[in-house]
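Enquirer: What follows is a predicted protein model with its sequence.
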Amino acid sequence: MNYINILAAVKDATNAVENDAEIVPVDFVWDQISSLGWFPAVLAVSFGVVYLLYGWRIFKVLTVICFGLIGMFGGMAVGRTLDNEMWGGIIGLATLSLVSMPLMKWCICILGAVSGAVFTGGVWYAFGLPQIYLWAGAAVGGVAGGMISFIVFKAAVMLFTSMGGSAIMMSGLLALGHLYENTKQVQTTEIHDLVFECTWFLPVILLVPTVIGLYTQNKLMKKSSEWEI
């Protein structure tokens with residue numbers, strides 16, 4: 001057996017994977033954006049702004065909702081294998097929603113770590129670095145976000161609410177822009193092209209409002225004497 005040829009084949013396969021791997025689910029993101037109608041898009045923008053700027057006032061409810069959704073999708077995936085997707089989703093939703101209430105601080109710290117991972121992963125993607133190693137950039141943010149969340153609890157609240165609000169708001173705005181393009185006599189695809197062809201576009205529209213939300217929430221928190229876990 002020629003081990004040199006085997007090693008060369010493995011190297012070529014690895015290089016091909018590194019060059020062609022698409023880790024970021026851009027198609028999925030675009031499907032969610034393009035499926036929104038005018039009314040859901042306006043609601044998304046409205047709720048996203050409140051989430052972005054005032055999420056710290058309702059962070060407990062938002063935490064329960066986030067973990068409930070995680071449980072629902074996880075339960076649906078498990079239920080799909082058991083031919084009972086609906087009940088799997090219901091059980092998963094109820095379970096994680098109930099668990100998140102007594103473990104509120106831990107759940108918020110987990111959301112802070114995930115938000116940190118998304119933040120640095122977004123920066124990695126924006127600079128066009130190999131997606132096959134995207135986990136490395138995300139891991140740095142996840143560890144940093146988790147550590148900060150445990151040290152400064154308010155940071156976790158601001159981070160996950162700012163990022164969540166930014167994602168919802170910008171999804172609505174992109175959907176409105178896409179719908180507007182479709183109303184033109186000569187339809188354009190500028191938003192579609194930005195999403196798919198410019199790696200910096202999605203990270204920028206997610207992270208810039210996130211930073212604005214962090215700054216604004218920090219200012220508002222300092223003026224509020226009623227904020228507490």
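Expert: Here it is on my side, so go on.
Enquirer: Longest helix in the chain, please.
Expert: Secondary structure of the chain per DSSP state H: the longest helix is helix 153-183.
Enquirer: Go through that one and flag the buried ones.
Expert: Within helix 153-183, the residues scored as buried using 16 or more other Cβ atoms under 10 Å are 154-178. For every residue, glycine as well, the C-beta is placed using N, CA and C.
Enquirer: ok, now stretch 135-150?
Expert: Residues of stretch 135-150 classed as buried: 137-138, 140-142, 144-146, 148-149 (neighbour count, 16+ other Cβ under 10 Å).
Enquirer: Helices - which of those land there?
Expert: 137-138, 140-142, 144-146, 148-149.
Enquirer: Make a markdown table from those residues and add pLDDT and distance to Thr183 to it.
Expert: Putting these into a markdown table (pLDDT from 0 to 100; distance: Cβ to Cβ, whole Å) gives the following:
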| residue | pLDDT | distance to Thr183 |
| --- | --- | --- |
| Gly137 | 88 | 38 |
| Ala138 | 92 | 38 |
| Val140 | 92 | 43 |
| Gly141 | 91 | 39 |
| Gly142 | 93 | 41 |
| Ala144 | 91 | 43 |
| Gly145 | 89 | 40 |
| Gly146 | 88 | 45 |
| Ile148 | 88 | 44 |
| Ser149 | 85 | 43 |
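Enquirer: Could you provide those residues in JSON lines, with additional columns for distance to Ile58?
Expert: As requested, those are arranged in JSON lines below (distance: Cβ to Cβ, whole Å):
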{"residue": "Gly137", "distance to Ile58": "31"}
{"residue": "Ala138", "distance to Ile58": "27"}
{"residue": "Val140", "distance to Ile58": "30"}
{"residue": "Gly141", "distance to Ile58": "25"}
{"residue": "Gly142", "distance to Ile58": "25"}
{"residue": "Ala144", "distance to Ile58": "26"}
{"residue": "Gly145", "distance to Ile58": "21"}
{"residue": "Gly146", "distance to Ile58": "23"}
{"residue": "Ile148", "distance to Ile58": "21"}
{"residue": "Ser149", "distance to Ile58": "18"}
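Enquirer: Skipping its backbone neighbours, what lies nearest Gly141 in space?
Expert: Excluding its sequence neighbours, the residue lying closest to Gly141 (Cβ to Cβ, 6 or more residues apart in numbering) is Thr120, at 3.0 Å.
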